[in-house]
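Q: Build the 3D model from these lines:
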Amino acid sequence: MSMKELMAIFEANYSQSVAFDKHLGMTLKVNDAGDATYTLTIGPNHLTALDSAHGGVAAGMMDAALGVAALSYAISQGNFCATVEFKMNYLKQVKPGDILVAHGKVKHTGNRLIVSECDIREQKSGDLVASGLGTFTQYPMEKRQHILNKKD
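A: Numbers count the residues shown, from 1 in each chain. The predicted structure is shown next:
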């Protein structure tokens, strides 16, 4: 499956398949196989205090960027993938109005495992606010045939 075909399936099923990304307000750009970027503007619904975003917002963004980087690589190999684990380090407070950019990139591939890395930066300052690493297992697309056949 090509990246163009993957994005067509993704866009056709976005509200059902990745409703969480949409709920958070994230936008996705798949740059290439193994390379994805999410962008998010921190608004009032992301806050845990008047001056700070909830850590779960950054964690959700991290998981998404790591995962789509791995998924876009897996698709290029005729596979899908699933998360085995991910870890992240919070490095700087995220404030209301900050624009976060999460860049996920595949770091290593093996026969079954994919390792991706991600940095989340505040767009205006370029400050690193979080960094993470994820491991994913690849499996044949046929195991999720119902996704490939979905037309609505």
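Q: Off-centre distance for stretch 108-127?
A: Relative to its chain's centre, stretch 108-127 lies at 9 Å (C-alpha atoms, centre = their mean, to the nearest Å).
Q: for the residue nearest to Leu133 when sequence neighbours are not counted, which residues make a bridge with it?
A: In space, and not counting its chain neighbours, Leu133 is closest to Glu117: 5.3 Å by C-beta to C-beta, 6 or more residues apart in numbering. Yep, even glycine has a C-beta here, placed from its N, CA and C like the rest. Taking DSSP bridges as the rule, Glu117 bridges to Lys105, Leu133.
Q: do the same with Tyr90
A: For Tyr90, the beta-bridge partners under DSSP bridges are Ala130.
Q: isn't it right up against Gly55?
A: Yes - counting by C-beta atoms under 8 Å, Tyr90 touches Gly55, with 6.1 Å between them.
Q: Least confident secondary structure element in the chain?
A: Lowest mean confidence among the helices and strands of the chain (mean pLDDT, DSSP states H and E): helix 14-17, at a mean of 53.
Q: Next secondary structure element downstream of it?
A: Toward the C-terminal end, the helix or strand that comes next after helix 14-17 (DSSP states H and E) is helix 19-24.
Q: Buried residues of that following helix, list them for me.
A: 21, 24 (16 or more other C-beta atoms under 10 Å).
Q: contacts for it?
A: 14-15, 28, 38, 40, 46, 57, 60-61, 64 (C-beta atoms under 8 Å, 6 or more residues apart in numbering).
Q: Please repeat the previous calculation with a cut-off of 6 Å.
A: By C-beta atoms under 6 Å, 6 or more residues apart in numbering, the list of residues contacting helix 19-24 from outside reads 60, 64.
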